Every structure is written in C-alpha cells, then in structure tokens.
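[1] no sequence for this one, just the structure:
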C-alpha cells in the first residue's frame, strides 16, 4: 500500500490553501476557455507558461490540471445549450445534448454531463493513481532503442490517426520535426538549419509554434470565413435536473464511457475524439430507446461526456511515466516540465514525488471543485458567450503576441509567429492536422537523441535498434498503423 | 450533424466545378524539404563514435519532406479534394473574405514592426483594433480604447508576475 501513503502525502500538498487556490483558479480558467470559442486547453496552458517563472512547479501543474479538466466541463455546456462544441471532444455531446435542451430537458442533459464527467474523472484518476507507478517501474528497464521505437510509434500513430489523410498527417509531422532541428545540436554544438540567424541558435520554442498555430492561424482562418452565429441559447430556468429514470439510464453509459476513454486517451494518437465517437456509437447500439437517438437520448450525452473526461486523465499516463506526449495539450505540459528543468518519466516519480503525487491528488480535488462550479453556476458561464466575437478574437491575438514576446523579447520570434500563423491558416484551408506538428517538434529532438545514444552504444550497428523485444514490438505496431488503412482496403476489395 | 447551419446553403449550389489543383502546396513541401537538405549539406553526416553525425537526422527529415511533397503532388494530380476545416464561428464551405484575411494578417504583423519601439500597450491597441475590424466591428473608437486598456492591464499584470516585456512606452523612455 505504498501508493496509498504516497497519495495521502499528495493530498497533504494539494489541500494546502495556496495549492487549493491554484486548483480553483485553473478550474475557473479552464471552464471559461471551454465555454469560449477559439481557445482550447493547449493554447491556454501555453499562454500561462510565463507564470512558471514566478510560481513553484507543484502549484503550476495543479493549475494546469485544473485548466485541462475544466475545459472538458466547459465544452459540454456550450454543446448542450447552444450546439457549439467548444472542444473537439464535445462534438458528440452536441448531437443529443442540444436536442434534449430544445425539448426542454437541458437541465437534465447538463446534469448527466457534469455528474458523468465527475464520475469518469474520479475513476480515471484512481486508475491513474495505481497504474502510473507500475508503468513507471517498467519504464526503468527501457533502453535507448526502446525509447526510439516508442517515439517512432507515437509519430506514426499521431500522423495516421489525426486528420483525414496519411500524407497530410505525415507532412504535418515532418514540418514539426524540421522545426525541432533548428538550433544548436546538443551533442556536437553545431548550429543546424539556422541559416546564419543568431536568434535561431537557441531553437524554436514550442510555445511560439503552438501559440502561432492555434491562435494566429485560427484568427486568420475564422476572420476569412466568419459567419455570425444565428443560434441562440436554450433557456433552462425552472427545469428538473435528473429524474429517477434519467439516473437509471445514465449510470451504465458513464461507466462504459470511462472504460473506453481512459485506455484510448493513454494511447499515442488516441486523443478525446475517438473515444467519444466510439462511446456514442456503442450507446446507440445498446440503448433500449433507439427511437430517441437523434432526438435527444440521455445515453448519448452521458457516455461521450464520461469518455471525454476519462481520456483527459488517460493522456497523463504516458506523459508522466514515459515523458511521451500524445496530444497537443500533453505536448505543452511537457514543455512546462522542461521549463522547470524537469524531465517527466520514471525518474520523476523518485526525484519529485511531491510534484507527481500532489498533481495526482489535485486531480481528485479539481474534479470536485468543477462539479461544484458547474452544476449550480451554469447560467454564469453561459453569459461569457455574450462577449462579441470581434473583440474576443482581438483579445486572443493580444494575449498571443504578449505570450510570444514574453518568451525572449525577440523580434525574430514575432516574425516566426507571422510565418507559422500563415502556415496554420493554410493547414486549416487544406485540412492538415495541427497536433502532429507539435508532437514532431517536441518529440523529434528526443527521438534523435535516443537514436544516437542507441547507435553509439551499438558502435554504429543499426541492428541495435531492433535488439530488444520491446523495440521490435513497438516498431511492428508502428508499421501496422502505417499499413492498416491499405490492408483494410485490400480485405474489403477481396471480400 | 453538429454543424447544420452554414452547410445547408452550400449543399444546394455544390455544382460539380472543376477540381482545384493546388500544385503550389506540393511544391512548397518539396521546397521546404530541399531547404532542409541544403542546410544538411554543410553538416557532417557521420561522427566518430555515435555512428551518425548532426547532419543525418536533418538529411532524413529533408528527404522525408521531399518524398511527402511528391506524394502530395501525385495525389493532387489524381484529383485529391481538400475540404477546409469547420470550426466554431467559421464554416469551411464559406468563400474566403480576402479583405478580412489581410486585415487580420496585418494585425499579426504589426507587432513585428512596433513591439520593440512602441511597447506592449500601443502594439496591443493597434492589433486589437485591426482584428476587431477584420471581424466586422465598426466601433473603432471603442475598440481603440478597449485595446489600450487591455494592453496596459496585461503589461502591468505580467510585469508584476516577473515577465520581461520591455518598457511601458519605450519610445518615450517610460
């Protein structure tokens, strides 16, 4: 029961008044950005990175965790009440949730979403609590070749799963890899791809790329294709929250959603879209009220919402135990660790137990705070939507520029912002996925270092890369990811 | 569908126009790959102990980009379609409004020119007003005031948090 005592110790840290304050602030911010269009958790955490200068790492990560979970709660509110999913993971909620709201059952939809999120978040955090240390133990035995194979697996899965086309997914990934190469080579001290610009010697910061892609690219894109929202909010005044029948129909989808969301969220490339879609499909198949689907079935809200929150906890597993980010949000969390000079991975559990366990305990705290913040206060959150879009996007750009300027007071960074912002615009117009760029940028240097360490240990013999069973398994799975679409097409053609 | 609005109008007039072929997109990817290869050219590919030198990974990534760019060109030749992404407040099926795009782009470019000389608050004022204008706001005086207040507040807040943002108005020596 060592885990248990460590967790108690974590609660001791998370429940300190100052850390409670940060958890509360993070949850507030997270819910707000979940409700607002144009900003997601990854961008918010990237813009908050500068505060890591002045606050302790534990407090910062407790706040970031609040942002991550809060965004999931906030996204569901707008999906249900005005049919605009704030996050990709809330798309499925909008299908049934908004129909429920229009049928006068909005309060029940909000309640099943919030309670389902709370239950899924809590169960996932329990799973995280007990599986993370075990996986971290396992990771101690990883050799450079295993790590290299694991990053290759992360690359292929992210490039294949995200977006609609493999070629475009890989182009995004390779753009990220190329950006990650810019700067002084860590092993030999040679400047690479800097083309004689001294400001590039330190490399291109993830924050700069992330903020440019997500904020500037988004603003350019939305500005060019802006359509004024004609949708109005469905009022929920005076409705019953959840009837006995609603509870009976909700609890199984909550649990099934959790079971889908957590493991898929933990996989590279899993993210939150796939588990929510799977959960929706599953509930639609299993329901006793198929006639209600498409017209406001409560199962279609309960399941995907639970899956969504469980996936958010799932992404923390590979991040904390292996240092492997599997989504844009995880990539920026990894950058936050690096800002503090910390490297997530098995050693973090032994070198910074207070941080790891304080963070895990704060997830329990954050979930409870969010339930309290969301159920009774939903009317206040929705009022955020009365900020007019022109001023909202203008404000986002102002914070984005300040965030980038604050990194190093570098005009070159601002030029990079414009160029990457234009790239972000083009990627949206031609439907390239964004996340692989960030994964490539942050994991590329790691992959290269492991590759060179492995090869150095093997005296340059490339066979060292497939010398351990684990590395072979990872590379085979990576190859399967790459070939799966082709194989499936062949099988279908033959059948 | 989560996004019924906006689509409804587009469905009707989606007459089978000629498939646009964005050759430049594939060409751009190939060019970026060549840029990497050019950068790799001057770097040693092998090192004495590690087996591979600082240049090899650059060569790999550059070659990858060239290859992927060629694949994209092949796809374009075969008539691959590109559907603009749907996001909140924006519909992929809408035609791009060039004036709005360029105004927003100007807003993003302003900081490059003004940040060092004019400082955060004035830059924020200019960017804010331009973006709001790109989104169709015509209450310019109110936008100018909002941008100035927002920029000044952000400057005070972040400077107090320990972030280096330069002077309040560097050209005036403040």
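    Cool, got the structure. The structure presented is a predicted model; accordingly, all values stated were derived computationally and were not measured. Numbers count the residues shown, from 1 in each chain, chains lettered A, B, ... in the order given.
[2] which residue ranges of chain A form strands?
    A:183-184, A:191-192 (DSSP state E).
[3] and those strands, which is most packed in?
    Comparing those by mean neighbour count (mean count of other C-beta atoms under 10 Å in any protein chain shown), strand A:191-192 ranks first with a mean of 21. In this view, the C-beta of every residue, glycine as well, is placed from N, C-alpha and C.
[4] contact partners of that one?
    With contact meaning C-beta atoms under 8 Å, 6 or more residues apart in numbering or on different chains, strand A:191-192 is reached by A:181, A:182, A:183, A:184, A:185, A:201, B:39, B:40, B:43, B:54, B:55, B:58.
[5] tell me the mean pLDDT for it?
    Mean pLDDT, strand A:191-192: 89.
[6] quick one: strands adjacent to it?
    strand A:183-184 (antiparallel) (DSSP bridges).
[7] related to what we said a few turns ago, may I see the contacts of strand A:191-192 organised as CSV, with distance to residue A:400 and pLDDT added?
    Below are the contacts of strand A:191-192 laid out as CSV (distance: C-beta to C-beta, whole Å; pLDDT from 0 to 100):
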residue, distance to residue A:400, pLDDT
A:181, 25, 93
A:182, 21, 93
A:183, 22, 91
A:184, 27, 89
A:185, 30, 87
A:201, 24, 89
B:39, 28, 89
B:40, 32, 88
B:43, 33, 82
B:54, 33, 83
B:55, 34, 86
B:58, 29, 92
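[8] select only the buried ones of those in ChimeraX?
    To isolate in ChimeraX the members of the contacts of strand A:191-192 that are buried, counting by 16 or more other C-beta atoms under 10 Å in any protein chain shown, one can use:
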select /A:181,182,183,184,185 /B:39,40,43,54,55,58
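[9] among the contacts of strand A:191-192, which lie within helices?
    A:181, B:39, B:40, B:54, B:55, B:58 (DSSP state H).
[10] go through those residues and name the one nearest residue B:165.
    When those are ranked by distance to residue B:165 (C-beta to C-beta), residue A:181 comes first, at 29.4 Å.
[11] buried ones in the longest helix along chain A?
    In chain A, with assignment by DSSP H, the single longest helix is helix A:106-139. Within helix A:106-139, the residues that count as buried by 16+ other C-beta under 10 Å are A:106-125, A:127-129, A:131-133, A:135-136, A:139.
[12] which residue ranges form the helices in chain B?
    Using DSSP H, helices in chain B cover B:7-12, B:23-41, B:54-77, B:98-118, B:120-134, B:140-160.
[13] deepest in the core, which of these is it.
    Buried most deeply of those, by mean count of other C-beta under 10 Å, is helix B:120-134, with a mean of 26.
[14] so what's residue A:92 up against?
    By C-beta under 8 Å, 6+ apart, residue A:92 lies in contact with A:276, A:277, A:279, A:280, A:300, A:304.
[15] neighbours of the last one, how many?
    When you say that, I think you mean residue A:304. 37 (other C-beta atoms under 10 Å in any protein chain shown).
[16] low-confidence ranges in chain B?
    B:1-18, B:47-51 (pLDDT under 70).
[17] domain-wise, how is it divided?
    B:20-77, B:98-172 (automatic domain parsing).
[18] residue closest to the middle of chain A?
    residue A:329 (3.7 Å; C-alpha atoms, centre = their mean).
[19] nearest to residue B:67, of the strands of chain A?
    strand A:191-192 (20.3 Å).
[20] before we move on, the earlier item: what about the residue lying closest to the residue nearest to the centre of chain A once chain neighbours are set aside, distance to chain B?
    Leaving aside its sequence neighbours, residue A:329 sits nearest to residue A:42 (C-beta to C-beta, 6 or more residues apart in numbering or on different chains; 4.4 Å). The gap separating residue A:42 from chain B is 14 Å, by C-beta to the nearest C-beta, to the nearest Å.
[21] thought residue A:42 was touching residue A:334?
    No. With contact defined as C-beta atoms under 8 Å, residue A:42 does not reach residue A:334; the gap is 11.3 Å.
[22] got a list of what the closest residue to residue B:117 other than its chain neighbours touches?
    Leaving aside its sequence neighbours, residue B:117 sits nearest to residue B:171 (C-beta to C-beta, 6+ apart; 5.6 Å). Applying C-beta under 8 Å, 6+ apart to residue B:171 gives the contacts B:117, B:118, B:119.
[23] just to revisit the earlier point, give me the neighbour count for the residue nearest to residue A:329.
    So residue A:42, with other C-beta under 10 Å, has 25 neighbours.
[24] now for the contacts of residue A:92: which two are most distant?
    Top of the distance list for the contacts of residue A:92 (C-beta to C-beta): A:277 and A:300, 11.4 Å.
[25] who has more neighbours, the two?
    The residue with more neighbours, out of residue A:277 and residue A:300, is residue A:300; 29 against 16, by other C-beta under 10 Å.
[26] so what's the residue count around the nearest residue to that one once chain neighbours are set aside?
    Computed as C-beta to C-beta, 6+ apart, the closest residue to residue A:300 that is not its neighbour in sequence is residue A:96, at 3.3 Å. Residues near residue A:96, counting by other C-beta under 10 Å, number 28.
[27] how close does residue A:96 get to chain B?
    For residue A:96, the distance to chain B (C-beta to the nearest C-beta) stands at 11 Å.
[28] quick one: residues contacting that residue.
    A:109, A:293, A:294, A:296, A:297, A:298, A:299, A:300, A:301 are the contacts of residue A:96 under C-beta under 8 Å, 6+ apart.
[29] for the fourth one, report the pLDDT, please.
    With respect to pLDDT, residue A:296 scores 84.
[30] for the second one, same thing?
    Residue A:293 carries a pLDDT score of 85 in this model.
[31] dump the residue contacts of the nearest residue to it once chain neighbours are set aside.
    Among residues not flanking residue A:293 along the chain, residue A:284 sits closest, at 5.1 Å (C-beta to C-beta, 6+ apart). With contacts defined as C-beta under 8 Å, 6+ apart, the neighbours of residue A:284 are A:290, A:293, A:297, A:299, A:300.
[32] so which of the residues you listed belong to helices?
    Filtering the contacts of residue A:284 for helices - DSSP H - leaves A:299, A:300.
[33] need the contacts of residue A:284 in JSON lines with distance to residue A:169, can you?
    Below are the contacts of residue A:284 laid out as JSON lines (distance: C-beta to C-beta, whole Å):
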{"residue": "A:290", "distance to residue A:169": "35"}
{"residue": "A:293", "distance to residue A:169": "31"}
{"residue": "A:297", "distance to residue A:169": "33"}
{"residue": "A:299", "distance to residue A:169": "32"}
{"residue": "A:300", "distance to residue A:169": "29"}
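[34] out of the contacts of residue A:284, which is nearest to chain B?
    The closest of the contacts of residue A:284 to chain B turns out to be residue A:300 (C-beta to the nearest C-beta; 12.2 Å).
[35] and the one residue in chain A that gets nearest to chain B, backbone torsions?
    Closest residue of chain A to chain B, C-beta to the nearest C-beta: residue A:460 (3.1 Å). Main-chain dihedrals, residue A:460, degrees, to the nearest 10: phi 80, psi 0.
[36] for it, give its distance to residue B:43.
    Going from residue A:460 to residue B:43 by C-beta to C-beta, to the nearest Å gives 18 Å.
[37] got it, and residue B:28?
    Applying C-beta to C-beta, the value for residue B:28 to residue B:43 is 23 Å.
[38] can you check residue B:111 too?
    33 Å.
[39] go on, residue B:75?
    31 Å.
[40] residue B:60 too?
    For residue B:60 relative to residue B:43 (C-beta to C-beta), the value is 12 Å.
[41] for residue A:492, same thing?
    45 Å.
[42] go on, residue A:374?
    Residue A:374 is 53 Å from residue B:43, where distance means C-beta to C-beta.
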